[in-house]
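**Q** Show me the folded form of this:
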Amino acid sequence: MTSQPPLPPSQPEQPAETVPTCYRHPDRETWVRCQRCDRPICPDCMRDAAVGFQCPECVAEGNRGIRQAKSTFGGAVVRAPYVTWTILAANVLVFVAQYFVPDIQRLLGMNSLFVALGDEYYRLITAAFVHGGMFHILFNSWALYVIGPYLERAFGHVRFVALYLVSALGGSVLGLWMDNPRILTVGASGAIFGLFGAVFVVGRRLNLDVRGIAVLIAINLAITFIVPGISWTGHIGGLVTGAALSAALAYAPRENRTVWQVAAVAGFVVLLAVLVVVRIPMITMAFLG
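**A** Here you go, the predicted structure:
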């Protein structure tokens, strides 16, 4: 009788290793995992990270903790002053068009009678894009070219265009109240004076030397009242409006600053609109009895 060694116990059958699939695309096999959450991700879901890859959700979660860069007074960072270039281009194009369509000045210029009797309220803004001659367009374009980019970078695109247009509107509204209703006024000078005022306010807010811009404003105000044919209402109205609005934007509290700034812009627009609504019946009654 022979003895046999005992048979080793039978081993259970090992299951085949499961191939992982992308957590966002279960039909795609992958061996790559997110470095943060360790979930499998396919090539379409891979996002480059400092080491390896991350999934879209982890990338989004990480970005939420990064504060976005802002301009000095809360707007998005301006890498190129596109608004300034756009306004410059619009002014030049309209000026060139005046030589081919002479009626542009009459159609777009500021005139209190046309605004009051014809409900042509658009003139309060469009007048800022029409000019009376070569010197007029050159001066306003030069001023915008010099100070526009500075203010656009300080306030951001949206706040800057609001400052420009509301300043232009302020100049037109003062003209609506004070100018002879029969005269036609044109030019971006109201908006430009508003930018002058804004540069002064921004300089004061940042504790910069503002004597240069103060002298420039004084010289241009003197020219306004010395040289005949210049609309002092447009210059003064734009200067006061631009300085006041820029102060509201620059000195807005940091907490909820955007809300305060939007409210400031809206408040100025409403105030100017009320002044227009109050003035229109006076002009109408004076000319229609």
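**Q** okay, CA-based contacts and neighbour counts for the rest of this
**A** OK.
**Q** mean confidence score for stretch 151-158?
**A** Stretch 151-158 carries an average pLDDT of 94.
**Q** And stretch 219-239, by the same measure?
**A** For stretch 219-239, the per-residue pLDDT averages 93.
**Q** Between its first and last residues, how far does that stretch reach?
**A** For stretch 219-239, the first and last residues are 13 Å from each other (CA to CA, to the nearest Å).
**Q** next one: that stretch to chain centre, how far?
**A** 27 Å (CA atoms, centre = their mean, to the nearest Å).
**Q** In it, which residues are buried?
**A** Applying a neighbour-count criterion of 16 or more other CA atoms under 10 Å, one finds 221, 224, 231, 232, 233, 234, 235, 236, 237, 238, 239 buried in stretch 219-239.
**Q** Ok, stretch 75-94 next?
**A** Buried residues in stretch 75-94, counted by 16+ other CA under 10 Å: 75, 76, 77, 78, 81, 83, 84, 87, 88, 91, 92, 94.
**Q** Going by distance to residue 158, which of those residues wins?
**A** Checking the buried residues of stretch 75-94 against residue 158 by CA to CA gives residue 75 as the nearest, at 7.5 Å.
**Q** What values do phi and psi take at the closest one?
**A** phi -80, psi 170 (degrees, to the nearest 10).
**Q** swap in the one 3 residues further on?
**A** Backbone dihedrals for residue 78, given as degrees, to the nearest 10, come out at phi -100, psi 110.
**Q** Can you give me the buried ones in the helix or strand containing residue 57?
**A** If you go by DSSP states H and E, residue 57 is part of helix 56-64. Of all the residues in helix 56-64, those buried under the rule 16+ other CA under 10 Å are 56, 59.
**Q** now stretch 245-256
**A** 245, 246, 247, 248, 249, 250, 251, 252.
**Q** Look at that stretch and report the distance between its end residues.
**A** Note: stretch 245-256 ends 17 Å apart using CA to CA.
**Q** Run through who's touching the worst-scoring helix or strand of the chain on mean pLDDT.
**A** Every helix and strand of the chain was ranked by mean pLDDT, DSSP states H and E. The lowest is helix 56-64, at a mean of 77. Applying CA atoms under 8 Å, 6 or more residues apart in numbering, the external contacts of helix 56-64 come out as 36, 37, 45, 46, 47.
**Q** got a list of what the last one touches?
**A** When you say that, I think you mean residue 47. Contacts for residue 47 (CA under 8 Å, 6+ apart) come out as 53, 54, 55, 56, 59.
**Q** what are the bridge partners for it, then?
**A** In this entry, residue 47 is beta-bridged to residue 54, by DSSP bridges.
**Q** Which of the three states applies to the spatially closest residue to residue 81 that is not a sequence neighbour?
**A** With sequence-adjacent residues excluded and distances taken as CA to CA, 6 or more residues apart in numbering, residue 81 is closest to residue 149, at 5.3 Å. At residue 149, secondary structure determined by DSSP: H, G, I helix; E, B strand; the rest coil is helix.
**Q** Assess the claim that residue 149 and residue 86 are in contact.
**A** No - taking contacts as CA atoms under 8 Å, residue 149 lies outside contact range of residue 86: 11.5 Å.
**Q** Doesn't residue 36 lie inside a strand?
**A** No - Residue 36 is assigned coil when assessed by three-state DSSP, not a strand.
**Q** coming back round to it: can you tell me which of the contacts of helix 56-64 lies closest to residue 191?
**A** Nearest to residue 191 among the contacts of helix 56-64 is residue 47, at 46.6 Å by CA to CA.
**Q** Quick check: pLDDT value at that closest one.
**A** Value for residue 47, per-residue pLDDT: 85.
**Q** can you check residue 76 too?
**A** Turning to residue 76, the model gives it a pLDDT of 81.
**Q** just residue 50 next, same as before
**A** So residue 50 comes in at 66 (pLDDT).
**Q** Which helix or which strand is home to residue 228?
**A** According to DSSP H and E, residue 228 maps onto no helix or strand at all.
**Q** what's the spacing between it and residue 222?
**A** Residue 228 sits 11 Å away from residue 222, going by CA to CA.
**Q** One more: residue 200?
**A** Taking CA to CA as the measure, residue 200 falls 17 Å from residue 222.
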